[in-house]
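>>> model this:
(chains A and B)
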Amino acid sequence: MFKYYGKYAPYLFLLPAGIVLLIFFFIPFFQTFVLSFQDYSYDIYHPAWIGLKNYIELFHNPIFYKVLWNTFIYLFVAVPILAISPLFIAILINQKIRGVTLYKILIYLPVIVSIVVAAIAFKWLYADQGILNYIVTYMGLESIGWLTDPKWALYSVILVTIWKGIGYYMIIYLAALMSVPKELYEACDIDGASFFRKHMTVTIPHIMPTIALVTTISAISAMKVFAEIYVMTKGGPLNSSKTIVYYIYERAFENLDLGYASAMAVVLLIIVMAFSLINIFCFERNKYQL
Amino acid sequence: MKKFFEKFSIHFILIAVSLLSIFPFIWLISTSLKGPDENIFAYPPTIIPTDFTWANYSGVWDKVDFIGYFINSMIVAGGTVILNLILSAMAGYPLARMEFKGKKIAFFSILATIMIPFQVIMLPVYLITLKLHLVDSVNNLAGYIGLIMPFAVSAFGIFLMRQAFLGIPREMEEAAIVDGCSVWQLFTKVLIPMVKPSLAVLAVFTFIGSWGEFLWPSIVLTKEAMYTLPVGVNNLQGMFSSNWRFIAAGSILSTIPILIFFLAMQRYFISGENEGAVKG
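Reported below is the predicted structural model:
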């Protein structure tokens, strides 16, 4: 093909996006590291260089370990549930039944609604004399301090993330299910395989790459939770529901300690990068090939 | 008979899942419609209000500037969508169709931005936004620009558009050039109309993402008049501390616009064709 464009054309086309990414992505990215070596707590316009002090303090801060631990609990609880239950639902929806669109709309609804509204709705369910405690006491158990008991708060918040994510991953699974060859199911039916057996031997192996994809993207988004915590618990009680992004926000914008918060952002970066690299190089490779 | 039982149990489970998905909203709606003579903490709880009233809606409407929040959200989401469409299409085109020095670098730099979430870089982004005076304390326009710019382009959008341009047969370009089109005319008059479906997907998902954004506006906004809907709704909790009837009514009100948008655009979301198109 002949070259119909001038020498500078490609650069001119890339320029607008390039400028935005430079100012709002690449410069901030490198500045995150710079900030992490500075102290902003005295004067936001004249930070002081303090070397590794933020990192040293960070690794001596018991709250930081608590926050990291909470973040990992978030991952370990939310990710398996978000990888498995939407698949189960998608398989059911994928059967030849009526009302599929209505089911999809209803189950997808939590995805579309603002996380703030979702968190408020759950806060109301979780109220001390709220409807969930009514159910709990009706079953003869003692009422639970869903958001006020340090034993429960984190799990109550995780439930909101799970509830809001199921519809999203269900759609991803539905798309993957379409690609499973129908003949395989027909063969199963002829052999008289049970519903369960059919999906264990045909569906699951076929969509394994999608399961892996959902695992990594739900892990990355679990690392980034903020709004649920901000709206429902503010990280409390006793830091029991505080995860890393919320703690970064708190140190930066409530304690105005941008340097310290940036050191945490660097830690977050390292963890998220690990997941992202797995994601890009293993599961979405074809999407990003030059 | 076995078939019937199987279908019955599938519907049973799916109805249960659907109910769990919408129950928090149902309960919020129920609370928002209960009048002062009904105890909202009553045991056993009642879904259908006994003291039915619309008063909570009119009450919260009078005290809270929902129209203002809505307009702010529209400006921010609209601006974000327009910029994403323009910038992503422009950047996606040379990455799909042109050969130039530094193409690899450009490609991989953009790819790198996917790996680093906004939460990691938000503190310097905040400082830069302050330095550029793009905050609402300067003036409203600066405030809007500050809300939009960090999300004005995304790697997701650029790759989506690049993919779309890759799908256009090269003969189209050759024919247009032979007919005397300039590169810019070729891009705007010939290629853009051909990638409209991808632009629509990008617009819908950028809109949803921007509409729901909470972290960034809650960092930069200082004036209540500039609040977007999510920030305004969160603020209801402070305004009406324990008046759950008002908080519930306000939350439901704020959800109506996006609900309409979703129902109108539902095929984009639930058809499965745009799998993985929204951020998680």
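>>> drop to CA atoms for contacts and neighbour counts, all remaining ones
Will do.
>>> and the next element down the chain from the helix or strand where A:Ile190 lies?
Per DSSP states H and E: A:Ile190 is located in helix A:182-191. For helix A:182-191, the succeeding helix or strand toward the C-terminus, using DSSP H and E, is helix A:195-198.
>>> three-state assignment of residue 45?
All of this refers to chain A. With DSSP: H, G, I helix; E, B strand; the rest coil as the basis, A:Tyr45 sits in coil.
>>> actually chain B
coil.
>>> phi first, then psi, for it.
When read as degrees, to the nearest 10, the backbone of B:Pro45 gives phi -70, psi 150.
>>> from B:Ala89, how far off is the closest residue to it other than its chain neighbours?
Excluding the flanking residues, the one nearest B:Pro45 by Cα to Cα, 6 or more residues apart in numbering or on different chains is A:Ile131, at 6.6 Å. Distance, A:Ile131 to B:Ala89, by Cα to Cα, to the nearest Å: 49 Å.
>>> still on that earlier bit, correct me, but the residue nearest to B:Pro45 touches A:Phe122?
No: using Cα atoms under 8 Å, A:Ile131 is not in contact with A:Phe122; the gap is 10.3 Å.
>>> and A:Ser85, how many neighbours does it have?
16 (other Cα atoms under 10 Å in any protein chain shown).
>>> swap in B:Asn139?
11.
>>> and the lengthiest helix in chain A, does that touch chain B?
Using DSSP state H to define each element, chain A has its longest helix at helix A:62-93. Yes: applying Cα under 8 Å from any Cα of the partner chain, one finds helix A:62-93 touching chain B at A:Ile89, A:Leu92, A:Ile93.
>>> likewise stretch A:237-250?
Yes: Stretch A:237-250 is in contact with chain B by Cα under 8 Å from any Cα, via A:Val245.
>>> run the chain-centre distance for stretch A:98-115.
The chain centre lies 19 Å from the centre of stretch A:98-115; the measure is Cα atoms, centre = their mean, to the nearest Å.
>>> may I see the buried residues of it?
Neighbour counts over stretch A:98-115 (16 or more other Cα atoms under 10 Å in any protein chain shown) mark A:103-115 as buried.
>>> would you reformat these as CSV and include pLDDT, distance to B:Trp244 and secondary structure?
Shown next, in CSV, are the buried residues of stretch A:98-115 (pLDDT from 0 to 100; distance: Cα to Cα, whole Å; DSSP: H, G, I helix; E, B strand; the rest coil):
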residue, pLDDT, distance to B:Trp244, secondary structure
A:Tyr103, 95, 30, helix
A:Lys104, 94, 30, helix
A:Ile105, 94, 27, helix
A:Leu106, 96, 25, helix
A:Ile107, 96, 26, helix
A:Tyr108, 94, 26, helix
A:Leu109, 95, 22, helix
A:Pro110, 96, 21, helix
A:Val111, 94, 23, helix
A:Ile112, 93, 23, helix
A:Val113, 94, 19, coil
A:Ser114, 93, 18, coil
A:Ile115, 94, 18, helix
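>>> tell me the residues of the stretch 101-250 of chain B that contact chain A?
Counting by Cα under 8 Å from any Cα, the stretch 101-250 of chain B sits next to chain A at B:104, B:107, B:111, B:113-117, B:119-125, B:128, B:149-150, B:152-153, B:159, B:177, B:183, B:208, B:212, B:214-215, B:219, B:230, B:233-234, B:244, B:248.
>>> buried among those? Make that a ChimeraX selection.
Buried members of those, defined by 16+ other Cα under 10 Å, are picked up in ChimeraX with:
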select /B:107,111,113,114,115,116,117,119,120,121,122,123,124,125,128,149,150,152,153,159,177,183,208,212,214,215,230,233,234,244,248
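>>> which stretches of the stretch 151-280 of chain B form helices?
B:155-166, B:170-178, B:183-185, B:192-194, B:196-212, B:215-220, B:229-239, B:244-264, B:266-270 (DSSP state H, counting those that start in this stretch).
>>> can you lay out the ones you listed as a markdown table showing mean pLDDT and distance to A:Tyr230?
Formatted as a markdown table, the helices of the stretch 151-280 of chain B follow (pLDDT from 0 to 100; distance: least, Cα to Cα, whole Å):
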| stretch | mean pLDDT | distance to A:Tyr230 |
| --- | --- | --- |
| helix B:155-166 | 93 | 27 |
| helix B:170-178 | 86 | 51 |
| helix B:183-185 | 91 | 47 |
| helix B:192-194 | 94 | 41 |
| helix B:196-212 | 94 | 15 |
| helix B:215-220 | 95 | 9 |
| helix B:229-239 | 92 | 9 |
| helix B:244-264 | 94 | 16 |
| helix B:266-270 | 87 | 27 |
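>>> so which of these is nearest A:Val267?
helix B:215-220 (19.3 Å; Cα to Cα).
>>> nearest the middle, which residue of the chain would you pick?
You didn't pick a chain, so chain A it is. Geometric centre of chain A, nearest residue: A:Ser221, 1.6 Å, by Cα atoms, centre = their mean.
>>> I was after chain B.
What sits nearest the mean C-alpha location of chain B, by Cα atoms, centre = their mean, is B:Ile208, with 1.9 Å.
>>> excluding chain neighbours, what is closest to that one?
Nearest to B:Ile208 is A:Ile112, by Cα to Cα, 6+ apart, at 7.4 Å.
>>> now do the helices in the stretch 151-290 of chain A.
A:153-177, A:182-191, A:195-198, A:204-206, A:208-223, A:227-232, A:244-249, A:258-278.
>>> got those helices as JSON lines, with mean pLDDT columns?
What follows is the helices of the stretch 151-290 of chain A, written out as JSON lines (pLDDT from 0 to 100):
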{"stretch": "helix A:153-177", "mean pLDDT": "94"}
{"stretch": "helix A:182-191", "mean pLDDT": "83"}
{"stretch": "helix A:195-198", "mean pLDDT": "82"}
{"stretch": "helix A:204-206", "mean pLDDT": "86"}
{"stretch": "helix A:208-223", "mean pLDDT": "89"}
{"stretch": "helix A:227-232", "mean pLDDT": "95"}
{"stretch": "helix A:244-249", "mean pLDDT": "95"}
{"stretch": "helix A:258-278", "mean pLDDT": "90"}
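>>> nearest to B:Met239, out of those helices?
Short answer: helix A:227-232, nearest of these by Cα to Cα, at 13.7 Å.
>>> for the closest one, packing partners?
helix A:115-125, helix A:153-177 (3 or more Cα pairs under 8 Å, 6 or more residues apart in numbering or on different chains; DSSP states H and E).
>>> B:Asn39: which of those helices is closest?
Nearest to B:Asn39, of the helices and strands packed on helix A:227-232 and by Cα to Cα, is helix A:115-125 at 14.2 Å.
>>> near chain B, anything from that closest one?
Yes: with Cα under 8 Å from any Cα as the measure, helix A:115-125 is seen reaching chain B through A:Ile115, A:Val116, A:Val117, A:Ala118, A:Ile120, A:Ala121, A:Phe122, A:Trp124, A:Leu125.
>>> give the buried residues for the helix holding A:Ile190.
For helix A:182-191, the neighbour count (16+ other Cα under 10 Å) marks A:Tyr185, A:Cys188 as buried.
>>> quick one: it near chain B?
No: Helix A:182-191 stays clear of chain B (Cα under 8 Å from any Cα), getting no nearer than 12.3 Å.
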